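Undergrad: give me the fold of what follows.
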Amino acid sequence: MKNNKYAWLSAILLSVVLVLGACSSDDESSSGSSSDSDTISVWTMTSGLEEFVTEYEDESGVTVEVQAIPWDNAHDKLLTAVASGNGPDVLQIGTTWVAEFAEAGTFLDISDKIDDYDNLAADNFYESAVETTKYEDTTIGIPWYVDTRALFYRTDLLEEVGYPEGPQTWDDMVDASRQLADRGDGQYAIDLPATDPQFPFLLAWEHGWNYDMDKGSASFDDPGFKEAIELHNLFYSEELSQTGEGKEFFQAFEDGSKPMFFSGPWDIKTITERAPEIEGQWDVKVMPKAENNNSMMGGAHLAVFNNSEKVDQALDFINWMADPETQVKWYEEFSELPANLTAWEDPALTENDMVATFGEQLKSTQPLPLIPEYERLGQEILNMLEQINRGGADIDEALEDYKAEAARVLGE
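TA: Residues are numbered from 1 along each chain as shown. Next up is the predicted model:
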């Protein structure tokens, strides 16, 4: 079954190898590991790293060749690197891609090397972030930065409906939302993340569901998963959330027509800069609670490519990137949250109450399903929700169809 399950990936890799074999390229320095012993190559999907690492270069005497890859191109470029064996020394990998690329043999297992470096020990990081660096019996990388989801809300408007500190539970959320939507035409409660495949998973977690790899598609029989789908639909069937596109989310937040939304820490800056008129009238709160208030653990890791010839240099660089001081500097420049727990003791994070709220939420997180098929399952959930929320599909029937599709995706 496992061989069949990943036949599609093997076919893709084989076709890439054949294409590469029919072509020639002399430009290895731009796409793979450098031959210079004092140079390492790094692939990242995060802009700004090239300028950021100059301090490390000065300290270590090692040149870091950074290649920034757009997220839209990164998946195919990594597949090509795996097929050709021509990858960088260090690569950034998103948490939801770990299982797929670990299965393809992309990463060097660094399990037996972690103790050789001061900053790489698992207890330096959020536990759920460390979980996303594991695949089967291997450790594929080290957490670089983390993100999660929390609730942004208008304090003034929520106070008017009895929730000045925001809703504590999902029952509170529904009650507040109904009152907010009753304000009149064009007034809603919340802008739900309709295209984010992660949101339905965290909503299901909060209702007691978990994906069980041993059960596979049977995991979706759990009542908590259905409860999450029903709750999601309630916001659309009662017009608490808008179906279809509307205003830009920050405009709707500013004018109060959608006084709540779920998002990540980057939108603190978005609202501050794009809606300055509501300064002091909004805040951030941890996720509402049902059985729990677990949010998702996202972010990115730094990993060593499987055939790098500069493993020691690569790990020394990752060790520097994982240092608490480096992580605080990275946050200050790029607003991406530290994975290192000690970094959260710095005033740059503790003195900003909204950022500190995300730090609190990160303590109640869990990883998305660590399986190669996660993204396909997530997309199918979005398709199902579209059929229910906009197409009026029966929830029980849609769930049965989804479970059948999940079984197909999982190769059961």
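Undergrad: got the buried residues for stretch 153-170?
TA: For stretch 153-170, the buried set under the neighbour-count rule, 16 or more other C-beta atoms under 10 Å, comprises 153-155, 157-158, 161, 163, 166-167, 170. For glycine as for every other residue, the C-beta is placed from the backbone atoms N, C-alpha and C.
Undergrad: quick check: end-to-end length of it?
TA: One end of stretch 153-170 to the other measures 14 Å (C-alpha to C-alpha, to the nearest Å).
Undergrad: and for it, what's in contact with it?
TA: Contact with stretch 153-170 is made by 151, 172-173, 175-176, 179-180, 206, 231, 253, 256, 259-260, 278, 281-285, 288-290, as judged by C-beta atoms under 8 Å, 6 or more residues apart in numbering.
Undergrad: swap in 6 Å and give it another go.
TA: Residues outside stretch 153-170 that contact it (C-beta atoms under 6 Å, 6 or more residues apart in numbering): 173, 176, 179-180, 256, 259-260, 281-283, 285, 288-290.
Undergrad: what about the buried residues of stretch 153-170, which are in strands?
TA: 153-154 (DSSP state E).
Undergrad: dump the residue contacts of the residue nearest in space to the middle of the chain.
TA: Centroid-nearest residue in the chain: G298, 3.1 Å away (criterion: C-alpha atoms, centre = their mean). Residues in contact with G298 (C-beta under 6 Å, 6+ apart) are 95, 147.
Undergrad: and stretch 38-55, what's buried?
TA: In stretch 38-55, counting by 16+ other C-beta under 10 Å, buried: 39-46, 49, 52-53.
Undergrad: kindly export it (C-alpha atoms) in PDB.
TA: The C-alpha coordinates for stretch 38-55 follow below in PDB (Å, rounded to 0.1, in the frame of the first residue of the first chain):
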ATOM      1  CA  ASP A  38      34.300  28.500   2.800                       C
ATOM      2  CA  THR A  39      30.900  29.000   1.200                       C
ATOM      3  CA  ILE A  40      27.500  27.500   1.900                       C
ATOM      4  CA  SER A  41      24.400  27.900  -0.200                       C
ATOM      5  CA  VAL A  42      20.900  28.500   1.400                       C
ATOM      6  CA  TRP A  43      17.500  28.400  -0.300                       C
ATOM      7  CA  THR A  44      14.800  30.400   1.300                       C
ATOM      8  CA  MET A  45      11.300  31.600   0.500                       C
ATOM      9  CA  THR A  46      11.700  34.500   2.900                       C
ATOM     10  CA  SER A  47      13.000  37.800   1.600                       C
ATOM     11  CA  GLY A  48      15.700  39.700   3.400                       C
ATOM     12  CA  LEU A  49      17.900  36.800   4.500                       C
ATOM     13  CA  GLU A  50      20.800  37.800   2.200                       C
ATOM     14  CA  GLU A  51      21.300  41.100   4.000                       C
ATOM     15  CA  PHE A  52      20.600  39.600   7.400                       C
ATOM     16  CA  VAL A  53      23.300  37.000   7.400                       C
ATOM     17  CA  THR A  54      26.200  39.500   6.900                       C
ATOM     18  CA  GLU A  55      26.800  39.400  10.600                       C
END
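Undergrad: nearest residue to A74 other than its sequence neighbours?
TA: Spatial nearest neighbour of A74, excluding adjacent residues (C-beta to C-beta, 6 or more residues apart in numbering): M45 at 5.1 Å.
Undergrad: I'd assumed H75 was in contact with that neighbour.
TA: No: in this structure M45 lies outside contact range of H75 using C-beta atoms under 6 Å: 10.0 Å.
Undergrad: what residue ranges in this protein score low on pLDDT?
TA: Within the chain, the stretches with pLDDT under 70 are 1-35.
Undergrad: and with 80 instead?
TA: Within the chain, the ranges that satisfy pLDDT under 80 run 1-37.
Undergrad: walk me through the domains of it.
TA: Listed domain ranges for the chain are 2-148+297-366, 150-296+370-409 (source: automatic domain parsing).
Undergrad: phi, psi of F262?
TA: Main-chain torsions, F262, degrees, to the nearest 10: phi -100, psi 130.
Undergrad: how many neighbours does it have?
TA: Neighbour count for F262, taken as other C-beta atoms under 10 Å: 21.
Undergrad: check contacts around it.
TA: So F262 contacts 149, 151, 193 (C-beta under 6 Å, 6+ apart).
Undergrad: so how far is V64 from S295?
TA: 33 Å (C-beta to C-beta, to the nearest Å).
Undergrad: try G105
TA: Distance from G105 to V64, by C-beta to C-beta: 25 Å.
Undergrad: ok, the two, which is more surrounded?
TA: V64 (22 against 12).
Undergrad: what about the more buried one, which SS state?
TA: The three-state label given to V64 by DSSP: H, G, I helix; E, B strand; the rest coil is strand.
Undergrad: need the contact list for it.
TA: Contacts of V64 were listed using C-beta under 6 Å, 6+ apart, and they are 40, 42, 53, 57.
Undergrad: also P338?
TA: Counted by C-beta under 6 Å, 6+ apart, P338 has contacts 327, 331.
Undergrad: one more time with 10 Å, if that's ok
TA: P338 makes contact with 125-126, 143-146, 299, 322, 324, 326-331, 344, 346, 348-349, 359, 362, according to C-beta atoms under 10 Å, 6 or more residues apart in numbering.
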